[in-house]
Structures are given as structure tokens and as C-alpha cells.
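Chemist: Attaching a predicted model along with its sequence, questions to come.
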2 protein chains.
Amino acid sequence: MGKAYNIMSATCVSRVVLHRIGARWTVFIVNALEAGPMRFTQLKAHIRGITPKALTETLRALETDGLISRTDLGGNPPHVEYALTDLGRSLLVPLRAVRQWAETHVPEITAARERAASR
Amino acid sequence: MGKAYNIMSATCVSRVVLHRIGARWTVFIVNALEAGPMRFTQLKAHIRGITPKALTETLRALETDGLISRTDLGGNPPHVEYALTDLGRSLLVPLRAVRQWAETHVPEITAARERAASR
DNA sequence: CAGTATCCAAGGGGATACTG
DNA sequence: CAGTATCCCCTTGGATACTG
């Protein structure tokens, strides 16, 4: 790993990033926001199966790390918009690399699993 | 996402890959094996803090997906070697992209967290 | 609309001890 | 050496209902 960071540390940022990316809903949200800002309910509708609780938690986590922004436009009924920050948008690059890899190697992974299952 | 795969599916391979990468010990093992094959105890010593249970589980999972190979060389005491497969080695590429991103953006993430914490 | 509040189940992961 | 076997905790995440 990079000499400046200790990958074994629980607080190592690489680790945290990996973990956040691997979290249940992160990529869905980041991906949804790639097209532009979205409101809470829009996201909930777009990401089928997510509960408000999970959506809130993931949004807060992403906001904490500066990957998305939350803008309260006030009014009644409320109007809140979530958007990718520049930092969040830059994350799309490595994310695409992973997805690319995953899609390229689906056959190999599937084959490996079937081999493992039939044993 | 790629048109051929349904990312919302629980069994979507992209999802599983992300999850596996994000798992606690995966990157440690993959990274350790980059230098060459290793034995169980070598890995355990190299990856400080890992318990035999966690090591076994992660190795099995990686083997199931065809990312590493397990070779029993027999004998007594036993001699088992783990190595990256070609597939596993290819995973190093997107993994490096993520790490690169993480290390590049450490300052921004840290700053965002401190901003979030002081509120 | 944009969330909170609860409750609950599953399992990931750690600590420790033991074995073929 | 290369694992198993337990036990236990605690976080993640789902379901459901409610609110300013």
C-alpha cells in the first residue's frame, strides 16, 4: 500500500472507503445522483427496495465524508435536494473500474461458484 | 449500470464483488498474495490481528469465487499453499484504482469529517 | 415531503480453546 | 501446520408505524 498510510489501522481511509463502497446502498445512491440532484422521495422511488431508514443512514454517511451535499430549500411541504459533490463525482471513476471488472469477469466467477457448489 | 446485469438483484455479481471487496479482510489477503503464494500460518502472521476463523472464512470465500487457489501439498505436518489465480490477480487493477482514489482524496475526506464532527 | 422511532432478525467478526 | 469448535457481541439492515 502507499507508504504514507497504514492499511492495518482501523481508521485507515482506504479501508473506510472500501467499506463504504461495499455497503449495501452506497453505489445505488451515487449512481442515481450521477444524473443530477434528487430529492429524498425521488431517491426512495428510484432505488426500489430501500427503506427510509436505510436511505437516511446512507445519505448521512456519504454526507459525512463529503461525497454528497444536502440542500434544504425550505418551504412546506419540505424540499431537500441531494447531489454529488466534486469529490463524490470523482469517486465514479474507481467505481466504474470495479464495475467494469465485475461485469467482465462474471462468467469466470459464476463458473468458479458452480465448481465450488458441485463439491 | 451495464445493460446485461440487474444491479438491484441481490445476486447481481457486481453487488457481490463490491461486498466482497468491502469485507473486513479481503484486501489484506489479496495484497499479501500479490508477492507470491503463502501458507496459512504465513498469512496469519503477515496479517496482524486476523484470527484463524476469519482467515479461514475469507480464504474459503475467495476460493469459491475463483480469486485464489488452495493447494494441499500433503505431508505431516500439513503443507497448504494459497495463491492468487489469474482472476484474482486481475482484481488488483480496480483495487489499485480505489486505493489510488482513497489516498489522493484523504485530505478532503478528513476535512469533511471534521466539518461534520464539529456540528 | 422528509424524515424519526421502534423493534427485531441475521450474520459478520472477535476471543479463546482445542485437534488431526 | 492448518485448521475446527464455541461463545458472544454488536452492527447492519429490514419491517412497520408515526410526525413536523
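Modeler: Cool, the structure landed.

Chemist: per-residue pLDDT, the closest residue to residue A:89 other than its chain neighbours?
Modeler: In this structure, residue A:89 finds its nearest non-sequential neighbour in residue A:34, 7.7 Å apart by C-beta to C-beta, 6 or more residues apart in numbering or on different chains. Backbone N, C-alpha and C define where each C-beta goes, glycine included. pLDDT for residue A:34: 96.

Chemist: surely residue A:34 meets residue A:92?
Modeler: Yes. Residue A:34 is in contact with residue A:92 according to C-beta atoms under 8 Å; the separation is 6.3 Å.

Chemist: between these two, which one's more packed in?
Modeler: With neighbours defined as other C-beta atoms under 10 Å in any protein chain shown, residue A:34 and residue A:92 compare such that residue A:92 has more, 17 against 12.

Chemist: residue contacts, the more buried one?
Modeler: Applying C-beta atoms under 8 Å, 6 or more residues apart in numbering or on different chains to residue A:92 gives the contacts A:30, A:34, A:84.

Chemist: In chain A, mark out all the strands, start to finish.
Modeler: For chain A, applying DSSP state E gives strands covering A:38-39, A:68-72, A:80-84.

Chemist: Contact residues of chain A facing DNA strand D?
Modeler: Contact residues (C-beta under 7 Å from any atom of the strand) of chain A with DNA strand D: A:23-25, A:49-54, A:57-58, A:77-78.

Chemist: from those residues, which is closest to residue B:109?
Modeler: Closest approach between the residues of chain A next to DNA strand D and residue B:109, by C-beta to C-beta: residue A:23, at 15.2 Å.

Chemist: Tell me how far the residue of chain A at minimum distance from chain B lies from residue B:115.
Modeler: Going by C-beta to the nearest C-beta, chain B is nearest to residue A:22 of chain A, at 1.5 Å. Residue A:22 sits 24 Å away from residue B:115, going by C-beta to C-beta, to the nearest Å.

Chemist: which of those two has more neighbours?
Modeler: More neighbours surround residue A:22 than the other of residue A:22 and residue B:115, with 20 against 11 (other C-beta under 10 Å).

Chemist: Next, the contact list for the nearest residue to the more buried one once chain neighbours are set aside, please.
Modeler: Nearest residue to residue A:22, sequence neighbours excluded (C-beta to C-beta, 6+ apart): residue B:22, at 1.5 Å. By C-beta under 8 Å, 6+ apart, the contact list for residue B:22 reads A:18-23.
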